[in-house]
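S.K.: This is a predicted model, with the sequence first.
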Amino acid sequence: MAHGTAERARLTARTVTSFVTTSRDVTAQRSEGFLPVLRPAAAQALDVEPAELVSRWLAGLSISARRAYGRSLRRFALWALVDAGGPVDALRLLVSLDAARAGELVRRWRDEDLASAGLASGSVAGYVVAIGSLVAAARRAGLVSWRLEGVLPKVEPTQDRSGPRRGDVERLVGTIDDAAAAGDAFAVRDAAVVRLLYAAAMRRSEVVGLRLEDFEPATDVGPVVRPRRKGYKERSAVLVPQRTAEAIEAWLAVRGREPGPLFVRLKGRRPDSGALNGESVRRLLAAWAKRAGLRGRVRPHGLRHSAATTCAKRGSLAELLSLGGWRSMSAARRYLDAHNEDRASALRIVDV
């Protein structure tokens, strides 16, 4: 470990001081008459000073990615540099290196800091991806000509994506609907939440992020909600089943039509101004599953998984991809349950 620290210090002292930005070259050419006078927006576009480049790069990310990537880069800078600790410092260091040395530095950080801290391989990969994204931005800006390769860890599928069977989901929803019919305001709200998780196959972050204006009960194609989906910066229309729309309408009769989060907390069975969060959804789902007599844990993402599995068994590939909002089959495959009866059936088909 001491050797690694000394090596990093030696590397940093030699390389960071040699960093020269392209923007200085642009400024020099402009002063010598090679470039015309630029308007502020054009000058900013040509500015590849680290601070400006990092600012533009972060602005192009979704809110959640911006937080996660910023956290990753601060951790990398704190590990690699003395008296530094931000994305700009990380960029200055990376662009001063060639592909081989940058790759070696990131791999050392991955193994010494991230993996040794006991992080899961998927979490380690998330940290490293942030570095690769920043390097890609630097490459597009002309600061480096290389790509960061061979730095991702082998990701082991450790997340439990198992979901309840269709019959258990129907039992769960039935329990909530019965309570809602009896006048339970919590059940009225939760009936809409659970239907969005299962019948619309939405992630809980997408559900809790909905606002009143994101629900449109009547469009040319049917009722839609407009969540900010994973991997997208803008909200996109997602078609939902009619019964899900009716459940949302029933909730709005309790909530009211005031602008704000679509799903809010209840205080004394009256709507509060505070929005539900992901942990709230996990807890309410666990409580309803227990009340319905379901065995085992029922997770919010498990409902999405269960919906995908049911669709895969009964629908087409195109329908499956559309349900989950996936762009490729490789992304959808990990949500499919592997059942022994499916393999037994396949073996009977190919047996000779």
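M.R.: Ah, there it is.
S.K.: domains of this protein?
M.R.: Using automatic domain parsing, the domain parsing of the chain gives 2-140, 166-343.
S.K.: Lowest average confidence across these, which one?
M.R.: Among the domains of the chain, domain 2-140 carries the lowest mean pLDDT, a mean of 75.
S.K.: Now render the domains of the chain as JSON lines, adding mean neighbour count and distance to Arg147.
M.R.: The C-beta positions use only the backbone N, C-alpha and C, and glycine is treated the same way. Listed next are these as JSON lines, based on neighbours: other Cβ atoms under 10 Å; distance: least, Cβ to Cβ, whole Å:
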{"stretch": "domain 2-140", "mean neighbour count": "16", "distance to Arg147": "7"}
{"stretch": "domain 166-343", "mean neighbour count": "17", "distance to Arg147": "21"}
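S.K.: Which secondary structure elements does the one helix or strand Ala77 maps to sit against?
M.R.: Secondary structure from DSSP states H and E places Ala77 in helix 63-80. Counting contacts by 3 or more Cβ pairs under 8 Å, 6 or more residues apart in numbering; DSSP states H and E, helix 63-80 packs against helix 2-15, helix 50-59, helix 87-95, helix 99-109, helix 121-140.
S.K.: Turn the ones you listed into TSV, columns for distance to Ala200.
M.R.: Formatted as TSV, those follow (distance: least, Cβ to Cβ, whole Å):
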stretch	distance to Ala200
helix 2-15	48
helix 50-59	30
helix 87-95	36
helix 99-109	39
helix 121-140	25
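S.K.: Which of these sits closest to Arg255?
M.R.: Arg255 lies closest to helix 50-59 among the helices and strands packed on helix 63-80, at 33.5 Å (Cβ to Cβ).
S.K.: what packs against that closest one?
M.R.: Using 3+ Cβ pairs under 8 Å, 6+ apart, helix 50-59 sits against helix 63-80, helix 87-95, helix 121-140.
S.K.: contacting residues around the residue nearest to Val129 when sequence neighbours are not counted?
M.R.: The shortest distance from Val129 to any non-neighbouring residue, by Cβ to Cβ, 6 or more residues apart in numbering, is to Leu152 (7.3 Å). For Leu152, the contact set (Cβ atoms under 8 Å, 6 or more residues apart in numbering) comprises Ala125, Val128, Val129, Gly132.
S.K.: what ranges do the strands span in the protein?
M.R.: With strands called from DSSP state E, the chain shows them at 215-216, 224-225, 238-239, 264-267, 270-275.
S.K.: can you list those strands in JSON lines and add distance to Gly86?
M.R.: Shown next, in JSON lines, are these (distance: least, Cβ to Cβ, whole Å):
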{"stretch": "strand 215-216", "distance to Gly86": "39"}
{"stretch": "strand 224-225", "distance to Gly86": "37"}
{"stretch": "strand 238-239", "distance to Gly86": "36"}
{"stretch": "strand 264-267", "distance to Gly86": "36"}
{"stretch": "strand 270-275", "distance to Gly86": "30"}
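S.K.: so which of the ones you listed gets nearest Ile248?
M.R.: Comparing the strands of the chain by Cβ to Cβ, strand 215-216 comes nearest, at 5.8 Å.
S.K.: Each with direction, which strands does the closest one pair with?
M.R.: Sheet partners assigned to strand 215-216 using DSSP bridges are listed as strand 224-225 (antiparallel).
S.K.: what comes into contact with the partner strand?
M.R.: Residues outside strand 224-225 that contact it (Cβ under 8 Å, 6+ apart): Leu196, Ala200, Met202, Leu210, Asp214, Phe215, Glu216, Ala237, Val238, Leu239, Val240, Ile248.
S.K.: any chance of those in TSV, plus distance to Pro164?
M.R.: Formatted as TSV, these follow (distance: Cβ to Cβ, whole Å):
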residue	distance to Pro164
Leu196	16
Ala200	16
Met202	16
Leu210	23
Asp214	27
Phe215	26
Glu216	29
Ala237	28
Val238	22
Leu239	23
Val240	20
Ile248	22
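S.K.: which one of the residues you listed is nearest Ala287?
M.R.: Leu196 (17.5 Å).
S.K.: if I look at that closest one, how far off is Ser55?
M.R.: 35 Å (Cβ to Cβ, to the nearest Å).
S.K.: Pro164 now?
M.R.: As judged by Cβ to Cβ, Pro164 and Ser55 stand 45 Å apart.
S.K.: Kindly report the same for Leu61.
M.R.: To Ser55, Leu61 is 11 Å away according to Cβ to Cβ.
S.K.: Equivalent analysis for Ala201, please.
M.R.: On the measure of Cβ to Cβ, Ala201 and Ser55 end up 35 Å apart.
S.K.: In contact with the residue nearest to Ser236 when sequence neighbours are not counted, which residues?
M.R.: With Cβ to Cβ, 6+ apart as the criterion, Ser236 has its nearest non-adjacent residue at 5.7 Å, and that residue is Arg229. By Cβ under 8 Å, 6+ apart, the contact set of Arg229 is Glu206, Arg235, Ser236, Val238, Gly325.
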